[in-house]
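Chemist: no sequence on hand, only this structure:
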């Protein structure tokens, strides 16, 4: 598993997930329930992970749609 995206913006996570699902790339969201610890103020980033074999293609999809990603 490789990290593809890290952000505090939940709409960016949803958008990236929809794009990748549309391309048949399975994503694994991490840190989804961290708002319980932070008190729902949105300071802890959420992460999207993809399989190592899908990382290159997933990065290309995000890059083509102007989604900033970790790399």
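Modeler: Yes, it's here. All figures in this text were calculated on a predicted structure; none of them were measured in a lab. Residues are numbered from 1 along each chain as shown.
Chemist: residues contacting the residue nearest in space to the middle of the chain?
Modeler: By Cα atoms, centre = their mean, the chain has its centre lying nearest to residue 48, at 3.0 Å. If you count contacts by Cβ atoms under 8 Å, 6 or more residues apart in numbering, residue 48 has them with 3, 4, 5, 6, 13, 16, 17, 20, 27, 28, 29, 30. C-beta here means a position set from N, CA and C on the backbone, and glycine is covered the same way.
Chemist: tell me the SS of the first one?
Modeler: Meaning residue 3. Recorded secondary structure, residue 3: strand (DSSP: H, G, I helix; E, B strand; the rest coil).
Chemist: in this structure, which helix is the longest?
Modeler: If you go by DSSP state H, the chain has its longest helix at helix 10-22.
Chemist: mind listing what's buried along it?
Modeler: 12, 13, 16, 19, 20 (16 or more other Cβ atoms under 10 Å).
Chemist: quick revisit: strand partners (parallel or antiparallel) of the helix or strand the residue nearest to the centre of the chain falls within?
Modeler: Element membership of residue 48, judged by DSSP states H and E, is strand 46-50. The strands beside strand 46-50 in its sheet (DSSP bridges) come out as strand 2-7 (antiparallel), strand 27-30 (antiparallel).
Chemist: any chance of the ones you listed in a markdown table, plus mean neighbour count and mean pLDDT?
Modeler: A markdown table is the format used below for these (neighbours: other Cβ atoms under 10 Å; pLDDT from 0 to 100):
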| stretch | mean neighbour count | mean pLDDT |
| --- | --- | --- |
| strand 2-7 | 19 | 93 |
| strand 27-30 | 15 | 92 |
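Chemist: nearest to residue 67, of the ones you listed?
Modeler: Ranking these by proximity to residue 67 (Cβ to Cβ) places strand 2-7 first, at 7.3 Å.
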